[in-house]
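Enquirer: Mind folding the following:
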Amino acid sequence: MMNAHIITIGDELLIGQVINTNQATIADRLNEIGVDVTEMTTVGDDTEAILAAFTRAWESAGAVIVTGGLGPTHDDITKSAVCRFFRTDLIPDANVRKQVALILNQRNFPWTDAAEAQAMVPRNATAFPNPVGTAPGLRFDGENRWFFVLPGVPFEMKEMVDAWIVPFLRQHAGENVIRHRTLRTTGIAESLLAQQLGDLDQILQGARLAFLPSTMGLRLRITVHARTAGEADRIVAGVEERIRAKASTYIYGTGEEELEEVVGRMLTERNMTLAVAESCTGGFIAHRLTNVSGSSAYFTYGAVTYSNESKMNILDVPSSVLGAHGAVSRETAEAMAAGIRKKAGTDIGLATTGIAGPTGGSPEKPVGLVWIACADAAGVVSVKFMFGEGRLRVKERASQSALDLVRRRLLGIE
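Expert: Okay, the predicted model is just below:
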């Protein structure tokens, strides 16, 4: 199996000024054609650091993909570093010059010395045109290995990876296939899910599994290497089936599927409607639901009832409940869920009330305490959560748990 080393160049990446999306884009494209990305390196605009990265990658990888530093300004030093590395010089390239002229003409820019420099390429490189920019791509050929250099502008890089690098490497990568499958889970901690899965060797049978935690839950990424697509798909399906047999109640989706999409689809399939009353989440649940196209078919009403007065006036939460139990309580959450369901005339009413912090907590009701309630034709259920500190994290976790409560309610999961 061919392996690849991705090198991204630029001080802006090292200081965090620009998020390095190029690595992810290239890795995704290479995985699709069976090329295994084994290493990624990011270096600044320093010639010696760049040369050191080139040396390391060229010694160990079948394909080296470099992005960044091909522009016309003084800090774009990749082309000169490449010339030093491959012991060559720059020569004019008529095809590249023609493409640069075309791009400049389209943008009504004059021909300059910088444009002339862009039309120069290393003598022993194969240049391929950039259809959306002035910096050409470069390919150096070794013995069963290749070194590619691309501009760092993401949309230019992506265009050239898809048009030139993927087709080229597909022809040389062999019959190997890499498949990834990601299962999205929520409502269970990483250690508890690992315990629930049990013997991973028995589940994976040679495949690989990564646990990827986040604020919203845990992703399980299955990775399989096989000789054919059919074999890879069969192995992935088997691993997924064995994981679901152990933890199906926590798995809500696959790939990049978000929980709000899953809940929306379930409501649509059942021809049911939902309304939401939010206190501590401040409209975040409604925001997530309405991010989904077509959500008007099932989401009818959202109310941010932050104060006690709004809970009473809009949701008809009895003042006696608030007086006896407080705004952050099981009783208030359940009254909010029932109230919004009645107010909106929906099949389901969902409510949140809690203490997002960093102030407002007490020994009895600490920061991070959230009550979530769901009301439907079968009655009202409520769940107490402790989400810890961090105001935004509390809101995010509460919104996820609230949507998951709806999912579980629709599936009949206790």
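
Enquirer: show me where pLDDT drops low in the stretch 1-150 of the chain?
Expert: For the stretch 1-150 of the chain, no stretch is flagged by pLDDT under 70.

Enquirer: hey, where'd the strands end up in it?
Expert: 3-9, 36-43, 63-67, 90-92, 120-122, 126-128, 137-141, 146-150 (DSSP state E, counting those that start in this stretch).

Enquirer: mind checking how far the fifth one is from the chain centre?
Expert: From the chain centre to the centre of strand 120-122 is a distance of 37 Å (C-alpha atoms, centre = their mean, to the nearest Å).

Enquirer: try the third one
Expert: What separates the centre of strand 63-67 from the centre of its chain is 23 Å, taken as C-alpha atoms, centre = their mean.

Enquirer: ok so, going back, got JSON lines for the strands of the stretch 1-150 of the chain, with distance to Arg56 too?
Expert: Yep, even glycine has a C-beta here, placed from its N, CA and C like the rest. Below are the strands of the stretch 1-150 of the chain laid out as JSON lines (distance: least, C-beta to C-beta, whole Å):
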{"stretch": "strand 3-9", "distance to Arg56": "8"}
{"stretch": "strand 36-43", "distance to Arg56": "7"}
{"stretch": "strand 63-67", "distance to Arg56": "10"}
{"stretch": "strand 90-92", "distance to Arg56": "24"}
{"stretch": "strand 120-122", "distance to Arg56": "20"}
{"stretch": "strand 126-128", "distance to Arg56": "23"}
{"stretch": "strand 137-141", "distance to Arg56": "16"}
{"stretch": "strand 146-150", "distance to Arg56": "13"}
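
Enquirer: For the spatially most central residue of the chain, list the residues it contacts.
Expert: Nearest to the geometric centre of the chain sits Glu256, at 6.9 Å (C-alpha atoms, centre = their mean). Each residue near Glu256 by C-beta atoms under 8 Å, 6 or more residues apart in numbering is listed here: Thr182.

Enquirer: Try it again at 10 Å.
Expert: When contacts are counted by C-beta atoms under 10 Å, 6 or more residues apart in numbering, Glu256 touches 182, 184, 219.

Enquirer: Please settle this for me: is it part of a strand?
Expert: No. Read with DSSP: H, G, I helix; E, B strand; the rest coil, Glu256 is coil and lies in no strand.

Enquirer: Centre of the chain to the helix ranked longest in the chain, how far?
Expert: Secondary structure of the chain per DSSP state H: the longest helix is helix 391-411. Centroid separation for helix 391-411 versus its chain: 19 Å, with C-alpha atoms, centre = their mean.

Enquirer: before we move on, what about stretch 245-263?
Expert: Distance, centroid of stretch 245-263 to centroid of chain: 15 Å (C-alpha atoms, centre = their mean).

Enquirer: Would you mind extracting the C-alpha trace of that stretch into PDB?
Expert: Output of stretch 245-263 as PDB, limited to C-alpha atoms (Å, rounded to 0.1, in the frame of the first residue of the first chain):
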ATOM      1  CA  ALA A 245     -25.100  -5.200  19.000                       C
ATOM      2  CA  LYS A 246     -23.300  -3.900  22.100                       C
ATOM      3  CA  ALA A 247     -24.200  -0.200  22.100                       C
ATOM      4  CA  SER A 248     -27.100   0.500  19.700                       C
ATOM      5  CA  THR A 249     -29.000   2.700  22.200                       C
ATOM      6  CA  TYR A 250     -26.200   5.300  22.200                       C
ATOM      7  CA  ILE A 251     -25.700   5.400  18.400                       C
ATOM      8  CA  TYR A 252     -27.800   8.000  16.700                       C
ATOM      9  CA  GLY A 253     -26.100   8.400  13.300                       C
ATOM     10  CA  THR A 254     -23.200   7.900  11.000                       C
ATOM     11  CA  GLY A 255     -20.700  10.000   9.100                       C
ATOM     12  CA  GLU A 256     -21.200  13.700   9.500                       C
ATOM     13  CA  GLU A 257     -24.900  13.300  10.500                       C
ATOM     14  CA  GLU A 258     -25.900  15.600  13.300                       C
ATOM     15  CA  LEU A 259     -28.500  14.700  16.000                       C
ATOM     16  CA  GLU A 260     -30.900  17.400  14.900                       C
ATOM     17  CA  GLU A 261     -31.000  15.900  11.500                       C
ATOM     18  CA  VAL A 262     -31.800  12.500  12.900                       C
ATOM     19  CA  VAL A 263     -34.500  13.800  15.200                       C
END
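
Enquirer: Can you classify the nearest residue to Tyr298 once chain neighbours are set aside by secondary structure?
Expert: Distances taken as C-beta to C-beta, 6 or more residues apart in numbering put Leu267 closest to Tyr298, at 3.9 Å, once the chain neighbours are dropped. Secondary structure assignment for Leu267 (three-state DSSP): helix.

Enquirer: Would you confirm that Leu267 contacts Ser296?
Expert: No. Look at Leu267 against Ser296 with C-beta atoms under 10 Å: they stay out of range, at 11.6 Å.

Enquirer: So for the two, which residue has more residues nearby?
Expert: Just comparing Leu267 and Ser296: by other C-beta atoms under 10 Å the higher neighbour count belongs to Leu267, 23 against 9.

Enquirer: and that one, what is it in contact with?
Expert: Counting by C-beta under 10 Å, 6+ apart, Leu267 makes contact with 273-274, 289, 295, 297-299, 346-348, 406-407, 410.

Enquirer: rewinding a little: got the strands of the stretch 1-150 of the chain as JSON lines, with mean neighbour count and distance to Val370 columns?
Expert: Formatted as JSON lines, the strands of the stretch 1-150 of the chain follow (neighbours: other C-beta atoms under 10 Å; distance: least, C-beta to C-beta, whole Å):
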{"stretch": "strand 3-9", "mean neighbour count": "24", "distance to Val370": "40"}
{"stretch": "strand 36-43", "mean neighbour count": "18", "distance to Val370": "38"}
{"stretch": "strand 63-67", "mean neighbour count": "27", "distance to Val370": "43"}
{"stretch": "strand 90-92", "mean neighbour count": "13", "distance to Val370": "62"}
{"stretch": "strand 120-122", "mean neighbour count": "21", "distance to Val370": "60"}
{"stretch": "strand 126-128", "mean neighbour count": "18", "distance to Val370": "55"}
{"stretch": "strand 137-141", "mean neighbour count": "19", "distance to Val370": "51"}
{"stretch": "strand 146-150", "mean neighbour count": "25", "distance to Val370": "47"}
